[in-house]
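Novice: build me a structure from this.
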Amino acid sequence: MTLARSSLVSVETTPWYHCVSRCVRRSFLCGKDPDTGRDFSHRKKWIAERIKGLASVFCVKVAAYAVMSNHYHVVLYLDKEKAESLSDKEVLERWYALFQRPFAGRKFLELDGKGLSEPELMEVRKLVPVLRKRLYDLSWYMRCLNEYIARLANREDNVRGRFWEGRFKSQALLDEKALLAAMSYVELNPVRAGIAKGVRECEFTSVKDRISGRDRGKLMYFQGEAREKEAEIPCLFKDYLELVEWTGRAIRKEGKGYIKEEVPCLLTQLGLEPRGFLSCARSLLREFGHAVGSSGKLKSLVQKRKVRHLKGMKAARRIFVKKAA
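Specialist: Coordinates of the predicted model:
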């Protein structure tokens, strides 16, 4: 049974989410179609730029992304605290950067909140809290991303109808281990697909942007990088890069056994078994359902959602087990 998005996404439970959208029939609508020979690779840039561009409007930070030929992944942080700190004017300005202005909202901005009638002020007072919530709403962010890309692609093809196969898939990331596993899984999509030999060759990914310095200011900062007091990815970028490079090398040699080399410091700090982490980096979507985390975190979420079971409990016990001393 399809669950309502509101039952799957709760900022109070976690602000971190891994999302995936696939093209209709999983066709190569963002890459080169091997059957027809048509090449739509330029659309990858559309998606990457939109992912990062929307982050400057919404109170949403992009921790990781990867754009493939027929789907894309993104790891997002929903910044409720940032949204609640915005003035009414800032809320309206952000929202109207994407959508047409209702008359009262337009007049409020043009007159800087002065000279409005009481009914107009009442309308603005009702409107602003709704828009403020939308600025950190996962569904609204994904809607503004997917609808925009679908319109561009359909206009280019001179067709109508679906571009994306349906609702995007979302996974709540319940702890730091789940976050880093999801980010590694996302960044290494090109390696798993065999189109890149290593993480530094992964085009249209956030790790490639960070390494090259391209659009780095549009991506979420790692620990110690932010200039102001704001949420950060809870590790140093150099440690994260070491982790994904090590993971990428292991994925390329899948089936040949564990690579006997020094374990990344992040795995040691988190107390994770290397084999368990590699399993998650290879098959996160298959192993887990709507939430990723330790078995304890998943059990707590089961109780909170008042459901009988969450997919991934068995995988959590295997993957996120504490490394023996």
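Novice: how about the residue nearest in space to the middle of the chain, what does it touch?
Specialist: For the chain, residue 75 is the residue whose C-alpha lies nearest the centre (Cα atoms, centre = their mean; 2.2 Å). The neighbourhood of residue 75, defined by Cβ atoms under 8 Å, 6 or more residues apart in numbering, consists of 16-19, 62-65, 173, 179, 182-183, 186. The way it works is simple: take the backbone N, C-alpha and C, and place the C-beta from them, glycine included.
Novice: quick check, nearest of those residues to residue 284?
Specialist: Closest to residue 284 out of the contacts of residue 75 is residue 182 (6.1 Å), distances taken as Cβ to Cβ.
Novice: correct me if wrong, but the closest one is in a helix.
Specialist: Yes: the assignment for residue 182 (DSSP: H, G, I helix; E, B strand; the rest coil) places it in a helix.
Novice: now do the residue nearest to the centre of the chain, the pLDDT please.
Specialist: Listed pLDDT for residue 75 reads 98.
Novice: which residue ranges of the stretch 1-150 of the chain form helices?
Specialist: Along the stretch 1-150 of the chain, the stretches classed as helices by DSSP state H, counting those that start in this stretch are 5-8, 42-55, 80-85, 88-96, 103-110, 118-134, 138-157.
Novice: mind checking how far the third one is from the chain centre?
Specialist: What that stands for is helix 80-85. Using Cα atoms, centre = their mean, to the nearest Å, we find the averaged C-alpha position of helix 80-85 to lie 19 Å away from the chain's own average C-alpha position.
Novice: for that helix, list every residue counted as buried.
Specialist: Judged by neighbour count using 16 or more other Cβ atoms under 10 Å, the buried positions of helix 80-85 are 80, 82-83.
Novice: possible to save these as JSON lines with distance to residue 289 and pLDDT?
Specialist: Written out in JSON lines, the entries for the buried residues of helix 80-85 read as follows (distance: Cβ to Cβ, whole Å; pLDDT from 0 to 100):
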{"residue": "80", "distance to residue 289": "24", "pLDDT": "97"}
{"residue": "82", "distance to residue 289": "29", "pLDDT": "95"}
{"residue": "83", "distance to residue 289": "28", "pLDDT": "97"}
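Novice: contact partners for the closest residue in space to residue 92 that isn't next to it in sequence?
Specialist: Leaving aside its sequence neighbours, residue 92 sits nearest to residue 105 (Cβ to Cβ, 6 or more residues apart in numbering; 5.3 Å). Contact analysis of residue 105 by Cβ under 8 Å, 6+ apart lists 92, 96, 123-124, 127.
Novice: hey, C-alpha coordinates of the one helix or strand residue 191 maps to in PDB?
Specialist: Per DSSP states H and E, residue 191 falls inside helix 189-192. Coordinates of the C-alpha atoms in helix 189-192 are reproduced here as PDB (Å, rounded to 0.1, in the frame of the first residue of the first chain):
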ATOM      1  CA  ASN A 189      26.400   5.500  -8.600                       C
ATOM      2  CA  PRO A 190      28.700   6.000 -11.600                       C
ATOM      3  CA  VAL A 191      31.200   3.600 -10.200                       C
ATOM      4  CA  ARG A 192      28.600   0.900  -9.600                       C
END
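Novice: please point out which parts of the helix or strand immediately after that helix in the chain sit buried.
Specialist: Elements were assigned by DSSP H and E; along the chain past helix 189-192, the next helix or strand is helix 206-212. Residues of helix 206-212 classed as buried: 206-210 (neighbour count, 16+ other Cβ under 10 Å).
Novice: and helix 206-212, what other elements does it pack with?
Specialist: Under the contact criterion of 3 or more Cβ pairs under 8 Å, 6 or more residues apart in numbering; DSSP states H and E, helix 206-212 touches strand 60-67, helix 176-187, helix 237-252.
Novice: now the ones you listed as a markdown table including mean neighbour count?
Specialist: Rendered in a markdown table, the data for the helices and strands packed on helix 206-212 read as follows (neighbours: other Cβ atoms under 10 Å):
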| stretch | mean neighbour count |
| --- | --- |
| strand 60-67 | 25 |
| helix 176-187 | 26 |
| helix 237-252 | 20 |
